[in-house]
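K.L.:
have a look; sequence and predicted model below, questions after that.
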Amino acid sequence: MRWYGWQDAIRAGFAADARGYAQLARAAPGLPHRMHGFGYYNVQRFVPHWLIGLVSKATMLDLHLVYWIAATLVLLLIVFLADRLLVRVEPTLGEYAVGIGAIVASPYAFRFIAIAPATVSDGVFAAGVAAITLALLSGRPLLLAAGVLACVLGRPENMLVALPVLVVWLFLGDVWRDRPTWPRVVQAAALAAFVVGTYVVTRRLAISIAPTEVPSFANATILGSLEALPGSARSLGSHVARTLAGLTVPLALLAGALFAGRGMPVPRRAWLCVALGLAVALPSLGLSPAWAAHNEPRLSTLAAVPLVVAAVDLIRSLPPARRAIVNRPAGIGALLLAVGFASLHHRFSIAPLHRAAAFAALELACAVAIVAVLVRARAARETA
């Protein structure tokens, strides 16, 4: 892992928002009167930074140190929740290692937040997504509420997009369907009111602090690029590729597991995890290339936890002979090697990769290797 100091990350260009977030933290227990050159959508995520500022002032610790501590604690929380999720789908030790490795080794999730702790609000959102996934799989309303709260505080606009999946899960999820209907209706309505209401309130507050020209819907979303085809084909293709780059390993595991289990029933909870993951990743793809500003991998990788859990669940659901092939030492070893090599980002690791194209080629090769290992299980024949 290549380490960057606070200012180094800013100079390198991938933590340019750190100054604005630090300004929010230093203003605690108040808020800045005006912030120029900082998007209102960033100010909407003020609560984690505001709390970090309060802790820094209360303990008299350096603000940057408190950011490092907060980022570390959030990442540890994600690991804990991912562990609970993977254990819940009852994987083998090898399947568990591949799943937890795919989450922890992600260069855009864990490593980016560790290097640039001012983006801790992304970590708060990712932890919220993991908590929501665990709550929906286990039927725990209080954990669901805590997860939704974390997501709203971390990235309220993303939570707004994922909200419909939560509502659907409350009515279709295995542990929810047998519960009385009206309490679930009330829970769904309360969740929707809280998410929408919080988004509206924080957006108005953020615009008052950081007056920003709000673009039209077409200019802010991918619709503008689609309307500009064929002239926008190149930028649109790069935009889609960068979005996929943040989820190369989870999507490869998912695609390989689906193909390996073709013809077999897919667990309902796996489909719901996929739906939640895609909803979380959708804003990355839905933004216009100009508005996303090359941040697509960092945004799409927030969906890694539910997608990886779905993939491990699909592998667990394979017929015994196919699953045994995947779980051979050579199979698990190949998957772990591919997961490890796919984490060697050209900027966030010491690997001798000096261009984004080299990292993209490495990721693609690792994705092909992952799919190949899982597809090989299709050759197995069930014995009587």
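P.N.:
Looks like it came in fine. Numbering: from 1, shown residues only.

K.L.:
show me where the chain dips below the pLDDT cut-off.
P.N.:
1-3, 9, 12-14, 212-218, 380-384 (pLDDT under 70).

K.L.:
rerun that using 80 as the cut-off
P.N.:
1-16, 37, 211-220, 291, 293, 346-354, 379-384 (pLDDT under 80).

K.L.:
now do the contacts for the residue most central in space within it.
P.N.:
The structure's the chain has its C-alpha centroid closest to L302; by C-alpha atoms, centre = their mean the separation is 0.9 Å. The neighbourhood of L302, defined by C-beta atoms under 8 Å, 6 or more residues apart in numbering, consists of 109, 122, 125-126, 129, 155, 158, 280-281. In short, each C-beta sits where N, CA and C put it, glycine included.

K.L.:
one more pass at 7 Å, please.
P.N.:
122, 125-126, 129, 280 (C-beta atoms under 7 Å, 6 or more residues apart in numbering).

K.L.:
what do you get for I132?
P.N.:
Contacts of I132 (C-beta under 7 Å, 6+ apart): 144, 147-148, 151, 166.

K.L.:
distance check, it against L166.
P.N.:
7 Å (C-beta to C-beta, to the nearest Å).

K.L.:
same check on A130?
P.N.:
14 Å.

K.L.:
please apply the same query to L75.
P.N.:
Counting by C-beta to C-beta, the gap from L75 to L166 is 24 Å.

K.L.:
please identify which of the two sits among more neighbours.
P.N.:
Neighbours per residue (other C-beta atoms under 10 Å) separate L75 from L166, with L166 holding more: 26 against 21.

K.L.:
right, and that one touches A189 too?
P.N.:
No. Counting by C-beta atoms under 7 Å, L166 does not reach A189; the two are 11.9 Å apart.

K.L.:
please list the members of the contacts of I132 that lie in helices.
P.N.:
144, 147-148, 151, 166 (DSSP state H).

K.L.:
closest one to I209 out of those residues, please.
P.N.:
C151 (21.5 Å; C-beta to C-beta).

K.L.:
my guess is F112 meets R298, correct?
P.N.:
Yes. Using C-beta under 7 Å, F112 is in contact with R298, at 6.0 Å.

K.L.:
how many neighbours does A58 have?
P.N.:
Considering only other C-beta under 10 Å, A58 is surrounded by 11 other residues.

K.L.:
let me know the helix or strand that it is in.
P.N.:
helix 46-59 (DSSP states H and E).

K.L.:
and that helix, what other elements does it pack with?
P.N.:
Using 3 or more C-beta pairs under 7 Å, 6 or more residues apart in numbering; DSSP states H and E, the elements in contact with helix 46-59 are helix 18-27, helix 63-88, helix 120-138, helix 141-154.

K.L.:
show me which residues of the longest one are buried.
P.N.:
Think helix 63-88. 63-64, 66-67, 69-71, 74-75, 77-78, 81-82, 84-86 (16 or more other C-beta atoms under 10 Å).

K.L.:
next: the first one.
P.N.:
Residues of helix 18-27 classed as buried: 18, 20-25, 27 (neighbour count, 16+ other C-beta under 10 Å).
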